[in-house]
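sharing a model prediction with you, sequence too.
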Amino acid sequence: MVRRLLASLAAVSALAGCAYPKTPPALPPADQPAPATALALAGAERRQPVTILVSIDGFRPDYLDRGLTPNLSALAAGGVTGPMRPSFPSKTYPNHWTLVTGLRPDRHGITANSMEDPARPGEVFTMATDDPFWWDAAPPLWVSAQRAGIPAAAMYWPGSNVAWGGTRATEWPYAVTGGTRPTDWQQYSQQMPGSNRVRAVIDWMRRPAATRPRFVTTYFDIVDTAGHQRGPTSPEVNAAIAEVDGQIGELVAGLAALQQPANIVVVSDHGMSATSSDRVIALDTLVSASDARIVESGPYATFAPLPGREGAVAAALLKPHPHLQCWRKSEIPARFHYGINPRVPPFLCLAEDGWMTYKTAPTTPFSRGEHGYDNEAPSMRALFIANGPAFAAGRSIATFDNVSVTPLLRRLIGLPADPSLDGSDAPFQKVLKR
């Protein structure tokens, strides 16, 4: 044991650049006593494992094959990895909320990045909305954890700034009263560098055991941003991949320096597909503005018929269209698990992977990236890596649905299984140590 701890400490002191260990060096498992000499040699308290959920927005699993990710690849080699199927729609906010609620968008209510609700006529949900009304259909994991006495912290996560369960005044100043947030949380700012986000997490780990978070989330956006702007095969995406991999290395090194065991679960919300002005469907050529209002456009489009015009909209949309398939809300194929929630508009049209819908045809040529396509499309697959004392090493698992992440996290942080969720931790049964 002493020899192993000496080796671990030597590895920590040798860290430089991107040369990080596969997993943070750990003291003996919590169920095994540690010799006093070993603890003294480590120069640290006996720390219990924490669980850290890391999201790298828009990171496709095949980005690991580009030779740009020594730290992520080391975590995968020393732990568990496998392609993850996002929920439909393969958008950022619906899937981030699925990852921490264990429910699909149709059930947890964040059905799109931009949406409307019949109960709030004239209002539109955007990615800046923190009114609990839009979020309160399902508790996120940090709420469940804190109600069970498990401290939680969020160094960014969509929805972590929402006072979940609170109420919002109907008149100025629209203050939210009550509600639960993580014990520590940060208002999202894209301007905060990824390294600063890592430092915040490491700072939390320096706290005394009584106030140290046991469940932490953090979020990186630069890979998704570069993918949107330049496309998934661009040099800009490669640069973003390498940058965020370095930040993952900083996280691992910081944990190692503190001798903090951690179950690190790295995910993405969706993949990214190349798009072009050569692959565009102009919606105003399909449906007249006098018949329907376009609610959303992009990889998929949604429509709200104007009064008395539902038949005209159905006649226009529910016929064959090149590179586009349309359904009534009630007839969306069951495999999408989408269309029951009142926030889903009456008609949905889904473009072929790589095609885009626009209200009117764009006049400027473009070549960039997008997501929101069929969640079965290979280009929409999401990243999953898990590494730490709870996981076997060097294991791969088959493609699974992202509704299984919350059940896994509940198990890691000590919450009981919840049969009301849309998934279970079954995909991980053979790769968990205990």
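Nice, I can see it. Numbers count the residues shown, from 1 in each chain.

can you list the domains in the protein?
The chain is divided into the following domains under automatic domain parsing: 48-273+380-428, 278-364.

and those: which comes nearest G372?
For the domains of the chain, proximity to G372 was assessed by Cβ to Cβ; domain 278-364 is nearest, at 3.5 Å. All C-beta spots, glycine's among them, are computed from the backbone N, C-alpha and C.

okay but Y93 is in contact with I110, surely?
Yes: distance between Y93 and I110: 5.2 Å, which falls inside the contact criterion (Cβ atoms under 8 Å).

so what sits against both of the two?
Both Y93 and I110 are contacted by G159, under the criterion Cβ atoms under 8 Å, 6 or more residues apart in numbering.

give me the more crowded residue out of those two.
I110 (27 against 24; other Cβ atoms under 10 Å).

next up, the contacts around L350.
Going by Cβ under 8 Å, 6+ apart, L350 touches P299, Y300, L324, Q325, C326, Y373, D374.

now it: which helix or strand?
Secondary structure assigned from DSSP states H and E places L350 in strand 347-351.

mind listing the helices for the stretch 151-300 of the chain?
Under the criterion DSSP state H, counting those that start in this stretch, the stretch 151-300 of the chain contains helices at 194-205, 222-230, 235-257.

run the chain-centre distance for the last one.
Looking back up the chat, that one is helix 235-257. Averaged C-alpha coordinates place helix 235-257 at 17 Å from its chain's average position (Cα atoms, centre = their mean, to the nearest Å).

then the shortest one?
In terms of Cα atoms, centre = their mean, the centre of helix 222-230 is found 16 Å from the chain centre.

picking up where we left off before, for the helices of the stretch 151-300 of the chain, which one sits closest to V162?
With Cβ to Cβ, the closest approach to V162 among those belongs to helix 194-205: 19.1 Å.

got the CA positions of the closest one in CSV?
The C-alpha coordinates for helix 194-205 follow below in CSV (Å, rounded to 0.1, in the frame of the first residue of the first chain):
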residue,chain,number,x,y,z
GLY,A,194,-12.9,26.7,-19.2
SER,A,195,-9.8,26.7,-16.9
ASN,A,196,-11.6,29.1,-14.5
ARG,A,197,-14.5,26.7,-14.4
VAL,A,198,-12.1,23.8,-13.5
ARG,A,199,-10.5,26.0,-10.7
ALA,A,200,-13.9,26.6,-9.2
VAL,A,201,-14.6,22.9,-9.0
ILE,A,202,-11.2,22.2,-7.4
ASP,A,203,-11.7,25.1,-4.9
TRP,A,204,-14.9,23.4,-3.8
MET,A,205,-13.0,20.2,-3.3
